[in-house]
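1. Quick one: sequence and predicted model below, then my questions.
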Amino acid sequence: MDARSLSFIWKKLIMLIVVAAFASFLVGIAVEANIVCQGKCEDIPDCDGFCKRVGFKSGHCFPPLYQYCCCQS
């Protein structure tokens with residue numbers, strides 16, 4: 001293997017590790033805080049207000065794309 005293909009493999013491996021760490025972090029938050037995602041933030045622009053109206057403590061649009069309104073109990 002040449003140096004360029006090894007560099008490509010290392011970049012992909014590091015990217016995979018970062019994505020796996022981020023996913024496990026989000027799962028840990030969801031399990032610990034009892035988070036329930038209700039819908040897309042474009043459909044629920046006032047995510048916090050919506051979550052409070054339906055009986056949750058708070059609501060946020062979560063990364064990476066701030067796409068989903070998730071309520072926390």
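-> Perfect, thanks for sending it.
2. Asp43: what's it in contact with?
-> Residues near Asp43 by C-beta atoms under 8 Å, 6 or more residues apart in numbering: Cys69. For glycine as for every other residue, the C-beta is placed from the backbone atoms N, C-alpha and C.
3. so where is this structure shaky, pLDDT-wise?
-> Along the chain, the parts satisfying pLDDT under 70 run over 1-3, 21-33, 64.
4. which residues of it fall in helices?
-> Under the criterion DSSP state H, the chain carries helices at the ranges 3-33, 47-53.
5. Could you chop this structure up by domain?
-> Domain segmentation of the chain under automatic domain parsing yields 1-33, 34-73.
6. which of these sits most buried?
-> Highest mean neighbour count among those (mean count of other C-beta atoms under 10 Å): domain 34-73, with a mean of 15.
7. tell me how far the ends of that domain are from each other?
-> 6 Å (C-alpha to C-alpha, to the nearest Å).
8. now it, how far from the centre of its chain.
-> 12 Å (C-alpha atoms, centre = their mean, to the nearest Å).
9. Excluding chain neighbours, what is closest to Cys47?
-> Spatial nearest neighbour of Cys47, excluding adjacent residues (C-beta to C-beta, 6 or more residues apart in numbering): Cys69 at 3.8 Å.
10. need the contact list for the one you found.
-> Counted by C-beta under 8 Å, 6+ apart, Cys69 has contacts 37-41, 43-44, 47, 50-51, 59-61.
11. Enumerate the beta-bridge partners assigned to it.
-> Gly39, Cys61 (DSSP bridges).
12. do you know how far it is from Gly59?
-> As judged by C-beta to C-beta, to the nearest Å, Cys69 and Gly59 stand 6 Å apart.
13. Give the residues shared as contacts by the two.
-> Jointly contacting Cys69 and Gly59 under the rule C-beta under 8 Å, 6+ apart are Gln38, Cys47, Phe50, Cys51.
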